[in-house]
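K.L.:
have a look; sequence and predicted model below, questions after that.
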Number of protein chains: 4
Amino acid sequence: MAIAKMTVAELEKFLHVEFPQAFSAGDISIDSADGASCLLRQRYSDQMLRPGGTISGPTLMALADCAMYVVLLSAIGPVGLAVTTNLNINFLRKGSPDPIAHAISTYSIPNA
Amino acid sequence: MAIAKMTVAELEKFLHVEFPQAFSAGDISIDSADGASCLLRQRYSDQMLRPGGTISGPTLMALADCAMYVVLLSAIGPVGLAVTTNLNINFLRKGSPDPIAHAISTYSIPNA
Amino acid sequence: MAIAKMTVAELEKFLHVEFPQAFSAGDISIDSADGASCLLRQRYSDQMLRPGGTISGPTLMALADCAMYVVLLSAIGPVGLAVTTNLNINFLRKGSPDPIAHAISTYSIPNA
Amino acid sequence: MAIAKMTVAELEKFLHVEFPQAFSAGDISIDSADGASCLLRQRYSDQMLRPGGTISGPTLMALADCAMYVVLLSAIGPVGLAVTTNLNINFLRKGSPDPIAHAISTYSIPNA
């Protein structure tokens, strides 16, 4: 079973210091992260909406990219230099209470 | 040989009307679009930077998504309801004058 | 909850008739398929092995493609013309009792 | 400009020794490989055909995977342990003289 190497509080502190531009606005918050999965919450703004009031694709891409990094950090601890090498996202349906996108991602983790 | 069904001026006007949130800030401009390829220019802000001064992954994802839509519009004409169904992006290297990412994308185009 | 529209016996019969080249050799058999997931069994031959005795990537790609089609058929019933439009596969580790690859796939289903 | 580190003759010899199962049947031959691109030729058999006489998806996946390995070898020289980590393929149209699929792939290359 996965064991988190960082608590949610440690994750948020790390992300605010390492990625002040992306996290300081408080648009994304971490509900949980356990070393194998995480649950994030995104506050949306008008800029993220598309005609019809749906959330834009790039907003979901950025959220997915962030979620991958959060769960990675929770699994391996604070590794600022880990970088996304691939992200593949399928949009399933318009915004609703159902899952609306499925993303997979690959990270490159530098050797210690 | 591909023939553009919309000029750059028509594309920019269409995008400003249909996607005011995304395009009104003038962050992205269209240099060319010919029905088979396009060249976009992205103005970056601090929010798009990552440690080391590189452009963030989500910024490149959003730019790729936009480029796919622009070239699609230039190929088939104004179709506001076309939606991205898949985007796959590989990050090749840090920001430099070389290509730094390669993205492919699939669109669903509604029947007329 | 998903309900299968074809039984395993119906699936195997359909696949043998529609895809005699691929299924007649008995290399792949269906353990279960319930409209949302399926479990296939692949019999391997020397041609599928790579140095070190691991299963080759293309063997796993073909198995994933087949699994996607089987679960699709079990969900929507016999649609011979459904075609894969995208397959994305990540190889996780060499052959072992653990998961060794993760694949996602998109199908185009013709209107009736 | 790319310079090939292996000739076509060296590539075919290497592949026959390292991957006898996959290459010994002569199904695939190398027309050219220059360190940046390659051109392969696939001999098809009945097993590779789908209803309507089109080439099956898995056949194209295997060919794409092979092409990626051939061009990689031609770029970096004989590295038997390089392994595919990701392959993403989009099927564009049924078999014809046009391009019928577009694949991208990622390799992991072990340190010397």
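P.N.:
Structure's in. What do you need? Numbers count the residues shown, from 1 in each chain, chains lettered A, B, ... in the order given.

K.L.:
and the helices in chain A?
P.N.:
A:8-18, A:20-23, A:57-76 (DSSP state H).

K.L.:
make a markdown table out of those and add mean pLDDT and mean neighbour count.
P.N.:
Where you see a C-beta, it was placed from the backbone N, CA and C, and this is true even at glycine. Listed next are the helices of chain A as a markdown table, based on pLDDT from 0 to 100; neighbours: other CB atoms under 10 Å in any protein chain shown:
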| stretch | mean pLDDT | mean neighbour count |
| --- | --- | --- |
| helix A:8-18 | 89 | 16 |
| helix A:20-23 | 66 | 17 |
| helix A:57-76 | 91 | 22 |
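
K.L.:
looking at these, which is closest to D:Leu87?
P.N.:
helix A:57-76 (19.7 Å; CB to CB).

K.L.:
helices and strands around that closest one, which ones?
P.N.:
helix A:8-18, strand A:28-33, strand A:38-42, strand A:83-91, strand A:101-108, helix B:57-76, strand B:83-91 (3 or more CB pairs under 8 Å, 6 or more residues apart in numbering or on different chains; DSSP states H and E).

K.L.:
who are the packing partners of the last one?
P.N.:
Taking 3+ CB pairs under 8 Å, 6+ apart as the contact definition, the neighbouring helices and strands of strand B:83-91 are helix A:57-76, strand A:83-91, helix B:57-76, strand B:101-108, strand D:101-108.

K.L.:
any chance you could list what contacts it?
P.N.:
Contacts with strand B:83-91, where a contact means CB atoms under 8 Å, 6 or more residues apart in numbering or on different chains, come from A:57, A:61, A:83-91, B:57, B:60-61, B:64-65, B:68-69, B:100-108, C:86, C:88, C:106, D:88, D:104, D:106.

K.L.:
let's go with 7 Å and repeat that
P.N.:
Residues from elsewhere that reach strand B:83-91, judged by CB atoms under 7 Å, 6 or more residues apart in numbering or on different chains: A:57, A:61, A:83-91, B:57, B:60-61, B:64-65, B:68, B:101-108, C:86, C:88, C:106, D:88, D:104, D:106.

K.L.:
now list the buried members of the residues you listed.
P.N.:
By the neighbour-count criterion of 16 or more other CB atoms under 10 Å in any protein chain shown, those include these buried positions: A:57, A:61, A:83-91, B:57, B:60-61, B:64-65, B:68, B:101, B:103-107, C:86, C:88, C:106, D:88, D:104, D:106.

K.L.:
can I get the helices of chain A in TSV with distance to C:Val79?
P.N.:
Shown next, in TSV, are the helices of chain A (distance: least, CB to CB, whole Å):
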stretch	distance to C:Val79
helix A:8-18	45
helix A:20-23	44
helix A:57-76	28
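
K.L.:
chain A against chain B: which residues are in contact?
P.N.:
A:18-19, A:21, A:46-47, A:49-51, A:56-58, A:61-62, A:65, A:80, A:83-91 (CB under 7 Å from any CB of the partner chain).

K.L.:
now with 6 Å, please.
P.N.:
A:21, A:46-47, A:57-58, A:61-62, A:65, A:84-91 (CB under 6 Å from any CB of the partner chain).

K.L.:
for B:Cys38, find the nearest of the helices and strands packed on helix A:57-76.
P.N.:
helix B:57-76 (4.4 Å).

K.L.:
pull the residues that contact the closest one.
P.N.:
By CB atoms under 6 Å, 6 or more residues apart in numbering or on different chains, the residues outside helix B:57-76 that reach it are A:57-58, A:61-62, A:65, A:84, B:4, B:6, B:11, B:28, B:33, B:35, B:38, B:40, B:42, B:48, B:84, B:87, B:89, B:101, B:103, B:105, B:107.

K.L.:
and the residue of chain A closest to chain D?
P.N.:
For chain A and chain D, the shortest gap (CB to the nearest CB) falls at A:Asn86, measuring 6.1 Å.

K.L.:
picking that back up, using TSV, lay out the helices and strands packed on helix A:57-76 together with distance to D:Ser74.
P.N.:
Output for the helices and strands packed on helix A:57-76, formatted as TSV (distance: least, CB to CB, whole Å):
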stretch	distance to D:Ser74
helix A:8-18	40
strand A:28-33	43
strand A:38-42	41
strand A:83-91	23
strand A:101-108	24
helix B:57-76	28
strand B:83-91	20
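
K.L.:
need the contact list for A:Ser56.
P.N.:
The contact partners of A:Ser56, by CB under 6 Å, 6+ apart, come to A:48, A:50.

K.L.:
what separates it from chain C, distance-wise?
P.N.:
Going from A:Ser56 to chain C by CB to the nearest CB, to the nearest Å gives 21 Å.

K.L.:
ok, now A:Pro58?
P.N.:
Counting by CB to the nearest CB, the gap from A:Pro58 to chain C is 20 Å.

K.L.:
tell me how far the closest residue to that residue other than its chain neighbours lies from D:Met61.
P.N.:
Among residues not flanking A:Pro58 along the chain, B:Ala62 sits closest, at 3.5 Å (CB to CB, 6 or more residues apart in numbering or on different chains). Separation of B:Ala62 from D:Met61 (CB to CB, to the nearest Å) stands at 30 Å.

K.L.:
just A:Ser32 next, same as before
P.N.:
From A:Ser32 to D:Met61 the distance is 37 Å (CB to CB).
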